[in-house]
Every structure is written in structure tokens, then in C-alpha cells.
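> only the shape, not the letters, is given here:
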């Protein structure tokens, strides 16, 4: 860097320093930095003089100048021992001046630092004084205008009190409403729990009653079994012995008449769909049977189809070759055989149920109790036997469908069939009247109800009994 550039940089630094503190103020009120410019100028001049000691002033070039310069240099070297002390003193003095300048610079920087630390405190103190003055002014203003402000203050205080009281009243009302809701909820919960408890108690009571009735029914069946066993032992000893000695009589062959019996059943009994829907109600009574169910006189197999839909193991027997072939075409288990021979070939207590619909009215009267006795021997204890046959109590059957079938022999009254069942050892006997005659003969609706029910009730009846 050239000497001129260095001097220009020094002048720029000095200008910036003077711009920061043009009046020499360091930030402390009443305290100013000393102006060191004259001292710096004096130092620079002294240094120039010190540097000029022992030097020779230049002259224009030439022979004279060269002789004069050489003579001056000789004299300066000769006087060097005389002015050495003065030179060292001058240099020491200049060192002292430098040290003084540096010390004054340090003092100025310390004062500036002190001013920097004191400035926030002074600003805070000034802010405090301003706030105190403002507060004092407000207080004086309040004191001056208190008489004017007091009515408005009293009004606002009254309004605040009214608002507070209204708010407390609303909160109390809300609290009371909440308490009322909680009380209603508690009462509703208690009512629901009471209703649930009552319903559970009723269910348990009904369950206990059902189990009690089941136990009573079991006791009744066992009692009936004992009574019927004693009756058979006392009243049918000879009849049973004769039947055992003579064997089971063969079933009389049903006359065929050379007609299409499947078409006969379609015309006079009804379509298979309607009969199947009717038989489905009977098949549902056999659900839970532990052994195979036999359909005696299975015909077109409507009961066997209903049993298959319910997942029951069932097979049929019929003396009609056409009916057995029709059942086989539908994948049903059916055999052509004499029903007495078929049942007699089965092991005792091997059947889980027996269904006999529209069959016993085709048998000779003496064969009906034989069939009942044979079923009693082949059914498992507790198994269900269900018979369906025309109801002779209904006079309408003698004017309609009973004599339409030429193979009918005579109707079997429900009381007589009940007697046969009781004698054979069946219990829990129930009789249900089916197909009211008024449905197929609307003219019967004009009769008095008591007369209609007594003489024109169900066209058929079903009797249910369990093997004891």
C-alpha cells in the first residue's frame, strides 16, 4: 500500500469517529472525550524532527553538490557521539507521547463502555419517571373529577351487581335443571333395571314351570306305563297268548279294480304340493328322533319328502307298486311289502317313530288293534306314533270323500283308536281335529256353532301317542 493510500484511510477513520461524537460526547451527560488532534499533530511534527536528525538536505545534482553532501555526511558522522544522547532522549519522549495517547484512548473507550452500560439504566429510570408522572397526573385527574365520576361509577357498580346476581340465579337454575335431569335419569335407570329384573324373574319362573310340567309329564307317562302294563297283564293275557300261538295274520290284499291310483289320488285327495305342506307339520313333530322313522302306507311320498327336508331318517312301505316306483323316482327310500310282514321283520324297539296317514280305514276292523300292538313292539321307548284318518264324528265325510275311495272298509272313531293305543302301552295321547268341514262346504256356516262343531267338525283327525 502506498503512503498516500494509507494517509487517506487514516483520514477516513478519523472522519467516522468524529461523526459518531461530533462534540466529543461519550454518552454521559456532562462528560466529553478529550480532543487529541492537536497532540497528534505535535507528535507527528516531533517525529519528523527526530527522523531528520543526522540526515543531509538534498541539493541539485552536480559536482559541487556531491562535494557538499559528502562533507555534510562526514561532519554528521563526526558529531554522532555528541548528539546520540539527545536522539535517545527525543525517542524516549516520543515513546512517552505514544503511551500517553494510548492511555487517553483507553480512558475514552472505558468511558464509552460505562456510558453503554449506564444508558439502559438511564432509559429505565426515565420510563419510570414518565410512568410516575402519568400516574400522578391520573391521580390528580381522578381527585379533580371524582365528584363527576362517582354517579357513573355507582351506576356501573349497581349494573355489575345486578349482572352478578342474574348470573348466579341462572347458574342456580341450570344446577337445579341438571339435578332434575339426573334424578329423572336415575329413576329411569332404576325402572329399566326393575323391568329387566322382573322380566328375568318371569323367564326363570316360566322355565321352572316348564321343567316342572316336563317332570310331571314324565311322571304321568311312567305312571301310565305302569298302569297299562298291569292292565295288559290282567285283561289281555289270553289274547296275547292266542296271538303269539297263531302268528301275525297276513294282510288281505287290497282289490286293485284296474284303475290308475296315482291319478285317483291327484283327483280326490289333492295335489302333491298341498299334501306335502300338510304333512310338513306332522313331520316337524318327529324332529329329534334317535332312530329311523317309518311311513306306513307312504303313497306318493309327501311325508318322506317333508322328513328329508327336515334332515330326518325315514323310509316308507306301501303295497302299491306304482306308488313305490313314484317314490323311487324322487330318490326316496320306499319298499313294496305287506305292512304287517314288513313291521314283523324289524327288530323290537328299533324304530324312532311311526307315521300312518289315511291307512287304517282301509284295514279290516280286527287288523287295526293288531297294527297298534305291532307298532308298540317295534317302537323305541319314548318314540312317537301318529295316525291320521277320516273323522266319523263329522257326518259330512259320509256325504263326501269317505265312500269315494272303494277300498275304504269302515271309519275308526278317535275314542276307539285311543283305546287301542292305551291297551298297547302308549301314553300321552292327544287328538287333533283337522280340515273343518265348513271350509269345503260353506253351507254349514249357516248352522248354529254348537251343532256345527258337534256334528260337522274336522273331516279328519290326527292322534298322537308315545311309546311308554
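Received, thanks. Not measured: the values here are computed from a predicted model. Numbering: from 1, shown residues only.

> any chance you could map the strands in the stretch 351-468 of the chain?
Here the stretch 351-468 of the chain has its strands, by DSSP state E, counting those that start in this stretch, at 351-357, 379-390, 426-436, 458-467.

> what's the closest of these to residue 199?
strand 426-436 (31.3 Å; CB to CB). Bear in mind the C-beta positions are built from the backbone N, C-alpha and C, glycine included.

> I'd like the distance from that closest one to the chain centre, please.
49 Å (CA atoms, centre = their mean, to the nearest Å).

> may I see the strands of the stretch 351-468 of the chain organised as TSV, with distance to residue 70 added?
Below are the strands of the stretch 351-468 of the chain laid out as TSV (distance: least, CB to CB, whole Å):
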stretch	distance to residue 70
strand 351-357	160
strand 379-390	162
strand 426-436	167
strand 458-467	166
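
> can I assume residue 378 is in contact with residue 349?
Yes - here residue 378 lies in contact with residue 349, judged by CB atoms under 8 Å, at a distance of 7.1 Å.

> any idea which of the strands of the stretch 351-468 of the chain is most buried?
Ranked by mean neighbour count, the strands of the stretch 351-468 of the chain are led by strand 351-357 with a mean of 24 (mean count of other CB atoms under 10 Å).

> what packs against that one?
Using 3 or more CB pairs under 8 Å, 6 or more residues apart in numbering; DSSP states H and E as the contact test, the elements touching strand 351-357 are helix 272-283, strand 292-296, helix 367-378, strand 379-390.

> show me the contacts for the residue lying closest to residue 426 once chain neighbours are set aside.
In this structure, residue 426 finds its nearest non-sequential neighbour in residue 465, 3.7 Å apart by CB to CB, 6 or more residues apart in numbering. Each residue near residue 465 by CB atoms under 8 Å, 6 or more residues apart in numbering is listed here: 384, 385, 421, 426, 427, 428, 429, 430.

> let's see 7 Å
Residues in contact with residue 465 (CB atoms under 7 Å, 6 or more residues apart in numbering) are 385, 421, 426, 427, 428, 429.

> redo the strands of the stretch 351-468 of the chain as CSV? Include distance to residue 69 and mean pLDDT.
Output for these, formatted as CSV (distance: least, CB to CB, whole Å; pLDDT from 0 to 100):
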stretch, distance to residue 69, mean pLDDT
strand 351-357, 157, 93
strand 379-390, 160, 93
strand 426-436, 164, 87
strand 458-467, 163, 89
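
> what's the lengthiest helix in the chain packed up against?
When the chain is scanned for its longest helix (criterion: DSSP state H), the result is helix 80-235. Other helices and strands packing on helix 80-235, by 3 or more CB pairs under 7 Å, 6 or more residues apart in numbering; DSSP states H and E, are helix 37-52, strand 426-436.

> tell me the average confidence for it?
For helix 80-235, the mean pLDDT works out to 82.
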